[in-house]
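Q: Quick one: sequence plus predicted model below, questions after.
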Amino acid sequence: MRVLVTGGAGFIGSNLVDALVARGDEVVVLDDLSTGKRENLEAAGDRARLIVGSVADYDTVLAAAEGCELVYHEAAVASVQRTVEAPVETNQVNLGGTLNVLEAARAVKARRVVFAGSAATYGDNPDLPLREDAKPRPQSPYAIEKLASEQYVKVWADLYGLETVTLRYFNVFGPRQDPGSPYSGVISIFVDRLLRGQVPTIFGDGEQTRDFVFVSDVVRANLLAGTVDGVSGRVFNIAGGGPTSLNQLYGHLRSVIGGAERPNYAEARAGDIRHSLANIDAAHEGLGYRPGVPVAEGLARLVEAVRAAR
Ligand code: UD2
């Protein structure tokens, strides 16, 4: 079948494209290459066709969606910091883009849209582990854009019978995650620093925890969300399902790469969430999703991939 992946040249999107191509799909990628990279699509070969353009432009999305049965909407300005600096512009991409994708999917009579939501919508809700019906507490333009997008996604299923599913990603890590900014995922930064022989910095005491999930599990959740019947209109947490502190994370990475016995410690980040942990029962019951890659194994695989790429 023909599948559209917006943001398909990015970290999560390109890993998804590889899996779709491997199962025999014909993939159209729409990506503005603002953070995505052409080389992320090299492994997919000519079964993935890249259209360079923005989801913020309806006509571009419509042209990309032509003939597609299934749409994965992974494109977004993924930096929370960037949405704080430029909320008007990022709203056009992150919220406007979602509406364009839904409307284009409807126009081409696609069967289903799977949307990349975010754990950011929970904010600092303390009811851990977080269930999907926990109260949203958005604390950034990014979280608002993702939450409002989810509402569009849900209502488009109710109004038009377009099948839609939202996956709320927790802290995703793996190959192709870009360590380039201070707001990049902590694991990508730590691996980059350690492989360069530098000492990473933990903000705060390192006892904060995250629910890290390896990208291949996120990809599998997406494949399931594209095919499983009876889940239209639903929202699912996608996470590893367990807590890892930053101190533990550092210990795991040090055992794989080596490096200083102690990381540097610096003042905690303003607005940092102390603990984030998902309840993933709904994804198990609804999609048959279970994480398959424990954090330690994911870290080892990531380090191997980064070493091979250098
Ligand atoms: C994640 C998401 C973000 C948003 C947010 C919602 C990523 C990359 N970001 O932010 O988009 O959804 O969740 O809550 O998935 N840290 C260090 N040293 C570093 C970098 C980070 O100690 O060099 C700490 C940071 O202060 C935090 C933890 O590592 O306590 C995780 O940071 P992150 O930026 O990877 O992800 P997070 O959870 O803040």
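A: That came through, no problem.

Q: Now do the phi/psi pair for Leu130.
A: The phi and psi values for Leu130, taken as degrees, to the nearest 10, are phi -70, psi 130.

Q: Next, give phi and psi for the residue lying farthest from the centre of the chain.
A: Using Cα atoms, centre = their mean, the residue of the chain lying farthest from its centre is Glu261. It sits 31.2 Å away. With angles defined as degrees, to the nearest 10, Glu261 sits at phi -60, psi -40.

Q: gap between it and Tyr250?
A: Distance, Glu261 to Tyr250, using Cβ to Cβ, to the nearest Å: 10 Å. Bear in mind the C-beta positions are built from the backbone N, C-alpha and C, glycine included.

Q: residue contacts, Asn264?
A: Listed by Cβ atoms under 8 Å, 6 or more residues apart in numbering, the contact partners of Asn264 are Val199, Pro200, Thr201, Ile202.

Q: among those, which are in reach of the ligand?
A: Among those, the residues within reach of the ligand (Cβ under 6 Å from any ligand atom) are Thr201, Ile202.

Q: Point out the ones among the contacts of Asn264 that are inside strands.
A: Thr201, Ile202 (DSSP state E).

Q: so which of the contacts of Asn264 comes closest to the ligand?
A: For the contacts of Asn264, the residue nearest the ligand by Cβ to the nearest ligand atom is Ile202; the value is 4.1 Å.

Q: Isn't that closest one up against Tyr250?
A: Yes: with contacts counted by Cβ atoms under 8 Å, Ile202 reaches Tyr250, the gap being 6.8 Å.

Q: who touches both of those two?
A: What both Ile202 and Tyr250 touch, as defined by Cβ under 8 Å, 6+ apart, is the set Pro263.

Q: Just give the number of residues close to Glu150.
A: Neighbour count for Glu150, taken as other Cβ atoms under 10 Å: 20.

Q: Verify the stated contact: it with Ala116.
A: No: here Glu150 lies out of contact with Ala116, judged by Cβ under 8 Å, at a distance of 10.2 Å.

Q: Show me how to select, in PyMOL, the buried members of the contacts of Asn264.
A: A single PyMOL command suffices to select whichever of the contacts of Asn264 are buried according to 16 or more other Cβ atoms under 10 Å:
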select buried, resi 200+202
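
Q: Now the two most distant members of the contacts of Asn264.
A: For the contacts of Asn264, the maximum inter-member distance is 10.2 Å, found between Val199 and Ile202 (Cβ to Cβ).

Q: and the closest residue in space to Arg23 that isn't next to it in sequence, what helix or strand is that in?
A: Excluding the flanking residues, the one nearest Arg23 by Cβ to Cβ, 6 or more residues apart in numbering is Leu223, at 7.5 Å. Using DSSP states H and E, Leu223 falls within helix 215-227.

Q: How about the contacts made by Ile273?
A: Applying Cβ under 8 Å, 6+ apart, the residues near Ile273 are Gly123, Asp124, Gln208.

Q: count of residues packed around the first one?
A: Read that as Gly123. Per other Cβ under 10 Å, the neighbour tally for Gly123 reads 19.

Q: Relative to the ligand, how far out is the nearest residue to it once chain neighbours are set aside?
A: Leaving aside its chain neighbours, Gly123 sits nearest to Arg137 (3.3 Å; criterion: Cβ to Cβ, 6+ apart). Look at Arg137 and the ligand: by Cβ to the nearest ligand atom, to the nearest Å, they are 10 Å apart.

Q: from now on call the first residue 34
A: Okay, using 34 as the starting number, the last item reads as Arg170.

Q: Arg170 should be in a helix, yeah?
A: No: Arg170 is assigned coil when assessed by DSSP: H, G, I helix; E, B strand; the rest coil, not a helix.

Q: what does the protein have sitting close to the ligand?
A: So the chain meets the ligand at 113, 151-153, 204, 216, 218-219, 222, 234-236, 241, 243, 279, 302, 305-306, 309 (Cβ under 6 Å from any ligand atom).

Q: what's the overlap in contacts for Val232 and Ile235?
A: Pro296, Asn297.

Q: returning to that earlier point: for Arg340, state which of the contacts of Ile306 is nearest.
A: Gln241 (27.8 Å).

Q: Just the element for Ala109, please.
A: Using DSSP H and E, Ala109 maps to neither a helix nor a strand.

Q: Now for the closest residue to it other than its chain neighbours, how many residues are close by?
A: Leaving aside its sequence neighbours, Ala109 sits nearest to Asn127 (Cβ to Cβ, 6+ apart; 5.0 Å). When neighbours are counted by other Cβ under 10 Å, Asn127 registers 26.

Q: So Asn127 sits against Tyr185, correct?
A: No: with contact defined as Cβ under 8 Å, Asn127 does not count as touching Tyr185 (11.3 Å).

Q: Enumerate every residue touching the residue nearest to Ala109.
A: By Cβ under 8 Å, 6+ apart, the residues touching Asn127 are Ala109, Val110, Thr116, Tyr175, Glu178, Lys179, Ser182.
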